[in-house]
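K.L.:
Just to be clear, the model below is a prediction. Sequence and coordinates:
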Amino acid sequence: MNITRRDAIRKTICFSSAVIAGNLLSRAGAQPGAFPAKPGGIHLLAFGDFGSANKEQIDVANQMSAFAKDLNAPLAGVLALGDNFYGKFTMDRFRTGFEEMYPEKTLGCNFYACLGNHDYEHVGKEKPQLTKADWQLRYAAENPKSRWKLPAKWYVQEFRDATGPLVRMIVLDGNPIITKEEQMAQKEFLENELERKTTAPWTWLVNHFPLFTSSSKRRDNEKLIAEWGPLLKKHKISHSIAGHDHTLQHLEVEGYETSFIVSGGGGRALHEVKETDRGFARAQLGFNHIHVDRKAVTTRFIDEKGNLLHTFRRDTEGKVTIG
Ligand SMILES: [Fe+2]
């Protein structure tokens with residue numbers, strides 16, 4: 001069913017309620033849902049706020065592995081949406097909290113990371129005092145064969161299919177803690193990247209902090225809305241993908257053509273959500289499966305038990321269809 005964006009918002013809410021009821025009756029499993037993946041295109045996973053080292057992280061990690069195994073198609077990448085390591089940090093966390101937690105056997109693709117607020121916590125007392133972000137950048141640089149990819153605090157990653165560029169993914173650092181100079185350099189990078197011509201039909205903006213949220217205890221991020229909002233409106237950015245709020249959300253916001261995804265259910269205690277007219281929001285552990293081809297991007301929200309919670313498909317004209 002094709003519907004307008006305004007209708008999509010209302011439709012999303014109806015859809016969510018129906019699926020919640022459905023999930024109480026039976027375990028849905030991570031089935032394809034209303035939009036079976038067609039041959040071709042690429043598959044990605046996305047998750048955030050995972051680095052807790054507790055049972056919640058393990059449950060989501062295991063479900064990501066199980067999903068990838070059942071997918072029967074290679075993954076082009078996993079988006080690691082920040083707050084990659086909570087609590088005390090040593091370099092051994094890369095082994096326990098990444099390399100072993102998300103095993104190469106099932107998740108044998110690159111993990112494209114961005115930096116969250118917890119990634120700026122200090123490590124050790126030696127001077128100069130390093131942050132977890134410094135160590136994550138260093139790990140990526142010193143272990144080029146690792147699946148952990150974080151070439152810089154902000155960078156661009158292109159995904160291709162057999163025809164050519166498919167997704168231009170711009171990864172940013174939305175932390176207010178970065179210096180004024182860094183903020184200016186990042187803005188220049190972003191503007192230059194958006195002006196650059198690409199044949200990729202999709203451009204995504206990825207960072208840890210959602211511009212808009214339906215979490216009960218958090219508000220829309222006015223600073224980032226002021227900074228990046230005009231660029232979202234000016235350029236054809238189809239998806240804005242973030243974490244930070246420990247929820248799963250798909251929002252369609254009045255005045256924006258971009259679809260907003262919050263994927264912060266990777267393994268930390270959850271936040272409550274409030275009802276709004278902007279779309280789907282659940283206080284739930286889980287992750288996203290994103291299938292991309294030249295006609296559409298189909299995003300699924302899957303919980304830690306494998307239940308399919310919500311699906312939406314967005315075509316190149318910006319039409320959003322809820323599954
Ligand atoms: Fe965060």
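P.N.:
Nice, I can see it.
K.L.:
Walking through the stretch 201-323 of the chain, point out its strands one by one.
P.N.:
Assignment of strands within the stretch 201-323 of the chain using DSSP state E, counting those that start in this stretch yields the ranges 202-206, 239-242, 248-252, 259-263, 279-282, 286-292, 296-303, 308-315, 320-322.
K.L.:
tally of neighbours for Lys145?
P.N.:
5 (other C-beta atoms under 10 Å). No exception for glycine: its C-beta is placed from N, CA and C like everyone else's.
K.L.:
can you list the residues of this protein near the ion?
P.N.:
Taking C-beta under 5 Å from the ion as the contact definition, the chain meets the ion at 83, 116-117, 244.
K.L.:
run the last query once more with 8 Å
P.N.:
Applying C-beta under 8 Å from the ion, we find that the chain lies next to the ion at 48-49, 82-83, 116-118, 208-209, 243-245, 264.
K.L.:
which of these are buried?
P.N.:
Buried residues within the residues of the chain next to the ion, counting neighbours by 16 or more other C-beta atoms under 10 Å: 48-49, 82-83, 116, 118, 208-209, 243-245, 264.
K.L.:
so who does Leu150 touch?
P.N.:
112-115, 136-137, 139-140 (C-beta atoms under 8 Å, 6 or more residues apart in numbering).
K.L.:
I'd like the distance between it and the ion.
P.N.:
Using C-beta to the ion, to the nearest Å, we find Leu150 at a distance of 16 Å from the ion.
K.L.:
Same check on Met101?
P.N.:
Met101 is 19 Å from the ion, by C-beta to the ion.
K.L.:
Show the subsequent helix or strand relative to the worst-scoring helix or strand of the chain on mean pLDDT.
P.N.:
Using mean pLDDT, DSSP states H and E, the weakest-scoring helix or strand in the chain turns out to be helix 5-25, at a mean of 41. Next helix or strand after helix 5-25 toward the C-terminus (DSSP states H and E): strand 42-47.
K.L.:
That following strand pairs with which strands?
P.N.:
strand 75-80 (parallel), strand 286-292 (antiparallel) (DSSP bridges).
K.L.:
want to throw these into a markdown table with mean pLDDT and mean neighbour count?
P.N.:
As requested, those are exported to a markdown table (pLDDT from 0 to 100; neighbours: other C-beta atoms under 10 Å):
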| stretch | mean pLDDT | mean neighbour count |
| --- | --- | --- |
| strand 75-80 | 98 | 24 |
| strand 286-292 | 98 | 25 |
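K.L.:
so which of those gets nearest Leu107?
P.N.:
strand 75-80 (6.4 Å; C-beta to C-beta).
K.L.:
Can you give me the distance of Asn84 to the ion?
P.N.:
Distance from Asn84 to the ion, counting by C-beta to the ion: 10 Å.
K.L.:
contacting residues for the closest residue to that residue other than its chain neighbours?
P.N.:
Leaving out its chain neighbours, the residue that sits closest to Asn84 by C-beta to C-beta, 6 or more residues apart in numbering is Gly51, at 4.7 Å. Residues in contact with Gly51, defined by C-beta under 8 Å, 6+ apart, are 57, 83-86, 93, 97, 118, 266-268.
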